[in-house]
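In: after the sequence you'll find the predicted model.
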Amino acid sequence: MTVLPDDGLSLAAEFPDATHEQWQRLVEGVLRKSGKDVSGPAAQEALSTALEDGLSTRPLYTAREAAPDAGYPGFAPFVRGGTAAGTAAAGWDVRQRIAATDPAGSNETALADLENGVTSLWLGVGPGALPVSGIERALDGVFLDLAPVALDAGSEVGPAARELFRLYEERGIPRDAAHGTLGADPLGHEARTGERLDPATAVELARLCGQEYPKLRALTVDALPYHEAGGSAGQELGASLATAVAYLRELTEAGLTAEEACVQLEFRYSATADQFLTIAKLRAARRLWARVAEVCGAPDAGAQRQHAVTSPVMMSRRDPWVNMLRTTVACLGAGVGGADSVTVLPFDHSLGLPDAFARRIARNTSTILLEESHLARVIDPAGGSWYVERLTDELAHAGWEFFQEIERVGGQAAALRSGMIGERLAATWAKRSEKLAKRREPITGVSEFPNLTERPVEREAPPVPAPGGLPRVRRDEAYEILRSRSDAHLDATGARPRVFLAALGPAAAHTARASFASNLFQAGGIEAVHDPVTVDATTVADAFKASGATVACLCSSDALYEEQAAQVAEALKSAGAGRVFLAGRPAEHPGVDAYVFAGCNAVSVLSSTLDHMGVA
C-alpha cells in the first residue's frame, strides 16, 4: 500500500464556514437587482415555492430544518422502509394492469408482460373490465405460485375472489404459496361510483385469508379516487388513513385482532412527476400508518404495504410521448420512496387501451431503473436529505390533519356521503386549475411548446367508467377543450384559426415576447403566423392581410411600444384585425384591445379569442 506524504495542504479547512446570515445577505442583493427590496427572512421567502396543503419548498435547507428522527429501515415508524433491506434484495414488484375486457386478449397481454419483466398482475374485473367468467382464461399459463395477482373487482370482488380460490385449488397451488391481494375496497368503490357496498364481503374474505391464505391480503385501501378527483398529497394521505381505520373497525368488530386486521390491508397511492413530493408522501404514509397501528394496539403489525401507480391526472392527450418522461420520473419517485409494488401506466393511457409498444415502454421503465440505474441497491436513497426529511414531516402533519377532520364528521363513509370530501377536493382542484390556466404549472406539449402539426395517436376506446362518485380530473382538461375546438375548425375549413405576430424592431427587441406569444396562442390551437421581415406602421397592413389571420399581437420592447404601438395597432385595425393584443405588460396603448403576459389567464384569453373568431 502506498502512503501519501503529508504535504501540509489543508485544502478548504482554512476557509471559514459560511453562515446562514451571510447567504441571506447575498440573496437580498440579488433580489434588489431584480426590483425586490426585501431583507431578512422575507428574502428567503421570496425564493420559496408554494405547494398544496399550505406547504412550501424553500430555497435552502440546513441542519436548522432537521425533522424528527426517521429511525431505521424495517423498524417503526418505517419512514426509511418497510424492511431492513428495503428493496435492495430483489427490487420492487413490477405490477402491470390488465384492463382489457376480452379474456383471450387479456391472457396474451399478461403472458407477454410476465415474460418481459413484470412480476405481478393487476387484474381489472367486473363491469367495464374482464368478466368473472373470463378470469380462468385470462390467467391460463400463469404460474400463480410465482406471479401474485391483485384483483380490482369493485362490486364483483366476492365472485372474483371465489374464482381465484378455485383456480388455486384446481392448479394445486398450496394455500401458503398463494400471494397477492383480493382488492376488496367498499369505500373506494363508493368514492368511484357512488354505489354503497356491504362490508360483510370484505370481512368474510379477510377472515378467510387470515385463517387459510397467509400471503394473501383481502383489502385494498385505494387512494387514487381522491387523487384523481383533484386532491392534494395531504388529502390523499388523510383519506387513505380514514378508509383504513374504517376497515379496522369493521374487522375488529367481526372478531379479528387489531394486528390480524392490519396485515389484511394493502394501500394504493399515486406517484407523480414531482419526484420529491412522491418520495415524501410514501415515507409519510408509512409513518402515519405505524402511528395508527400503535394506537390501535398493533405495534407489531409491520410496515404499511404500498402499491404506487403513476398518476393518470398528469398524463396528457396531446403530445402523449412526453408521458414517457413523466412516468419515468414518477416511477423513480415511487421506487426511491420505498413502494413495494409499482405500476407504470402506458404513455397512451389517456387515449384508450394501450398497444403493445406502450406496454413494453411502461414495463421497461422499471427495468431500466432497477437493472441499469441500480436504483433499488441503496436503501432509502433520499434519507438524510434535509429537504426530503422536512417535506416528509410536513406532509405527515398535513395528512394527519385531514384524517382528523374526516374523523370529526363521523369517518370516511360519513364524509363521503355528506359531500365533505368532494367539496374539499374540489376546492383544492379549483386552486390548482387557476395555476394551470395561468401556466404557472406548465404542461409540456400542451400549455408549453405545443405542436399543432403533430399526428394524433389513436387507440381503441377504453371501457366507459361507471357514472357517479367523485369526478376524474386531468391537468390538460381546459386546454384539451380549446384544442378540440381548433381541430373542429380545421376539419370544417381546412385551416386553423390564426393570429398574426407583428414583430417590431430588431430581433433582440421582439424575439422573447414573440416566442412567448406564439407558445400561448398555440396552446389554444391558434396558429401563430410570424412575418420573417420586421414590420412597422407602413408595412404591417400588407403583412397582416397576407397572413390569413383575423387577430394580431404586437411583440417588441417597452421602448418600441411607446414609439410605435398606437400607430401599428391602428394600421392593423384598418387592415381588418378584429382584435389586437400586445405581448407584455407595459402602460396601456391606444388601439390595443388586450394584453398577454406571464401570469395572465391563458385559458380565458384563448377561449374568448376563439369566440371572437367564430370558432365553435
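Out: Cool, the structure landed. As the structure is a prediction and not an experimental result, all values here were calculated from the model.

In: for the rest of this, base every contact and every neighbour count on C-alpha atoms.
Out: OK.

In: need the CA coordinates for stretch 168-184. CSV is fine.
Out: The C-alpha trace of stretch 168-184 is given here as CSV (Å, rounded to 0.1, in the frame of the first residue of the first chain):
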residue,chain,number,x,y,z
TYR,A,168,-55.6,-22.1,-6.8
GLU,A,169,-57.2,-25.4,-5.8
GLU,A,170,-57.6,-26.7,-9.3
ARG,A,171,-54.0,-26.0,-10.2
GLY,A,172,-52.6,-27.5,-7.0
ILE,A,173,-51.3,-24.2,-5.5
PRO,A,174,-50.6,-24.7,-1.8
ARG,A,175,-52.6,-22.1,0.2
ASP,A,176,-49.5,-20.8,1.8
ALA,A,177,-48.0,-20.2,-1.6
ALA,A,178,-50.8,-18.1,-3.0
HIS,A,179,-49.9,-14.4,-2.7
GLY,A,180,-51.3,-11.1,-3.9
THR,A,181,-54.4,-9.1,-2.9
LEU,A,182,-58.1,-9.7,-3.4
GLY,A,183,-58.8,-5.9,-3.6
ALA,A,184,-61.9,-5.6,-1.5
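
In: name the residues that touch that stretch?
Out: 144-145, 148-154, 157, 161, 201-202, 212-220, 266 (CA atoms under 8 Å, 6 or more residues apart in numbering).

In: so for it, what gets flagged as buried?
Out: Buried residues in stretch 168-184, counted by 16 or more other CA atoms under 10 Å: 168, 173, 175, 177-184.

In: need these in a markdown table with distance to Leu606 and secondary structure, can you?
Out: Below are the buried residues of stretch 168-184 laid out as a markdown table (distance: CA to CA, whole Å; DSSP: H, G, I helix; E, B strand; the rest coil):
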| residue | distance to Leu606 | secondary structure |
| --- | --- | --- |
| Tyr168 | 57 | helix |
| Ile173 | 60 | coil |
| Arg175 | 60 | coil |
| Ala177 | 58 | coil |
| Ala178 | 55 | coil |
| His179 | 52 | coil |
| Gly180 | 49 | strand |
| Thr181 | 47 | strand |
| Leu182 | 47 | strand |
| Gly183 | 44 | strand |
| Ala184 | 45 | strand |
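
In: ok, the residues you listed vs Phe516, which is closest?
Out: Within those, the smallest distance to Phe516 is 47.7 Å, found for Gly183 (CA to CA).

In: A helix includes Ala239, no?
Out: Yes. Judged by DSSP: H, G, I helix; E, B strand; the rest coil, Ala239 forms part of a helix.

In: quick revisit: now, of the contacts of stretch 168-184, which are buried?
Out: Buried among the contacts of stretch 168-184 (16+ other CA under 10 Å): 144-145, 148-154, 157, 161, 201-202, 213-220, 266.

In: so of these, which ones are in helices?
Out: Using DSSP state H, 157, 161, 201-202 are the members of the buried ones among the contacts of stretch 168-184 that sit in helices.

In: and stretch 501-515, how far out from the chain middle?
Out: Relative to its chain's centre, stretch 501-515 lies at 36 Å (CA atoms, centre = their mean, to the nearest Å).

In: and that stretch, how far apart are its ends?
Out: 10 Å (CA to CA, to the nearest Å).

In: what's in contact with it?
Out: Here stretch 501-515 makes contact (CA under 8 Å, 6+ apart) with 517-518, 528-531, 534-536, 540, 552-557, 560, 583-584.

In: filter those residues down to the buried ones, ChimeraX style.
Out: Here is the ChimeraX command that selects the buried residues among the contacts of stretch 501-515 (16+ other CA under 10 Å):
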select :517,518,528,529,530,531,534,535,536,540,552,553,554,555,556,557,583,584
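
In: can you give me the strands for the stretch 101-250 of the chain?
Out: Counting by DSSP state E, counting those that start in this stretch, one finds strands in the stretch 101-250 of the chain at the ranges 120-124, 149-152, 180-184, 216-222.

In: quick one, phi psi at Glu52?
Out: phi -70, psi 170 (degrees, to the nearest 10).

In: and it, how many neighbours?
Out: Using other CA atoms under 10 Å, Glu52 is surrounded by 17 other residues.

In: try Val388
Out: Val388 is flanked by 20 other residues according to other CA under 10 Å.

In: what's the answer for Leu375, then?
Out: 21.

In: surely Trp429 is in contact with Glu228?
Out: No. Counting by CA atoms under 8 Å, Trp429 does not reach Glu228; the two are 10.0 Å apart.
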